[in-house]
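Peer 1: No letters, just coordinates:
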């Protein structure tokens, strides 16, 4: 459980409010090994969630796709992709400047 | 024109046959700077294509999403995403062993 919370909080730098309590079925992809996130997604489904979203930004997008493919093909063959979307988000850097980063949101459902 | 052919041939290591003539509206994302591929996609549309696919594997998947976001948001605002899909492909390494790699296919249309 502690591990999931870690995963969920990874990469939430700019938008932390409200997520910990309401949206625990979101797995944020960060810099940890791919299998950590695979385990987080599988655990969410095993805890009774019917939907789990995998979110990633920037270079982690590739890892998000890996996580989805591994979950669906190896661990939970009854889980399907409900939706996949990409977007462009604007982040404010520490010096106040802004930069754009691509993001992906993959929703899986049982 | 020479530049586009380069882009199209990038990362086609295992499946080269037939692509140069039939499927020039596919842009394969490789190791070049993102803007090279943005230019390739924009050029395809300007050459009269109604659909252009952006394909990438492994770590280049993030760059494929960047290319799509930049093309749609900055260069061709009349172009929309038709489809986005991911898959898991099996590659044969030089030593004969096999490894799996995730891939993404983003289709844009006018």
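Peer 2: Right, received. Where do you want to start? Being a predicted model, the structure only gives us computed values, none of them experimental. Residues are numbered from 1 along each chain as shown, chains lettered A, B, ... in the order given.

Peer 1: what about whichever strand or helix holds residue A:100 and chain B, touching?
Peer 2: For residue A:100, the host element (DSSP states H and E) is strand A:98-109. Yes. With C-beta under 8 Å from any C-beta of the partner chain as the criterion, chain B is reached by strand A:98-109 at A:100, A:102, A:104, A:106. In short, each C-beta sits where N, CA and C put it, glycine included.

Peer 1: Got the confidence number for the second one?
Peer 2: Model confidence at residue A:102, given as pLDDT, is 96.

Peer 1: Mind listing the residues bridging to it?
Peer 2: residue A:88 (DSSP bridges).

Peer 1: Equivalent analysis for residue A:83, please.
Peer 2: Bridge pairing for residue A:83 - DSSP bridges - gives residue A:107.

Peer 1: Quick check: residues of chain A near chain B?
Peer 2: Selection of chain A residues close to chain B by C-beta under 8 Å from any C-beta yields A:58-62, A:65-66, A:68-69, A:73, A:81, A:84-88, A:100, A:102, A:104, A:106.

Peer 1: Just the buried ones out of the residues you listed, please.
Peer 2: By neighbour count, with 16 or more other C-beta atoms under 10 Å in any protein chain shown, those hold A:58-62, A:65-66, A:68-69, A:81, A:84, A:86, A:88, A:102, A:104, A:106 as buried.

Peer 1: biggest separation within those residues, which pair?
Peer 2: A:69 and A:88 (23.6 Å; C-beta to C-beta).

Peer 1: Okay, now the unreliable bits of chain A?
Peer 2: A:1-24 (pLDDT under 70).

Peer 1: Going by secondary structure, residue A:45 is in what exactly?
Peer 2: Assigned by DSSP H and E, residue A:45 falls in helix A:34-46.

Peer 1: one step back: which one of the buried ones among the residues of chain A next to chain B is nearest to residue A:95?
Peer 2: Using C-beta to C-beta, these come closest to residue A:95 at residue A:58, 18.2 Å.

Peer 1: Kindly list the main-chain dihedrals of the closest one?
Peer 2: phi 50, psi -130 (degrees, to the nearest 10).

Peer 1: Identify the residue spatially nearest to it, adjacent ones excluded.
Peer 2: Among residues not flanking residue A:58 along the chain, residue A:101 sits closest, at 4.9 Å (C-beta to C-beta, 6 or more residues apart in numbering or on different chains).

Peer 1: go on, residue A:37?
Peer 2: residue A:67 (4.7 Å).

Peer 1: For that neighbour, give me its contacts.
Peer 2: Counting by C-beta atoms under 8 Å, 6 or more residues apart in numbering or on different chains, residue A:67 touches A:27, A:29, A:34, A:37-38, A:41, A:54.

Peer 1: Need the residues you listed in JSON lines (columns: neighbour count).
Peer 2: Listed next are the contacts of residue A:67 as JSON lines, based on neighbours: other C-beta atoms under 10 Å in any protein chain shown:
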{"residue": "A:27", "neighbour count": "28"}
{"residue": "A:29", "neighbour count": "28"}
{"residue": "A:34", "neighbour count": "16"}
{"residue": "A:37", "neighbour count": "26"}
{"residue": "A:38", "neighbour count": "21"}
{"residue": "A:41", "neighbour count": "27"}
{"residue": "A:54", "neighbour count": "25"}
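
Peer 1: got TSV for the residues you listed, with distance to residue B:96 too?
Peer 2: Output for the contacts of residue A:67, formatted as TSV (distance: C-beta to C-beta, whole Å):
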residue	distance to residue B:96
A:27	35
A:29	32
A:34	24
A:37	30
A:38	27
A:41	32
A:54	33
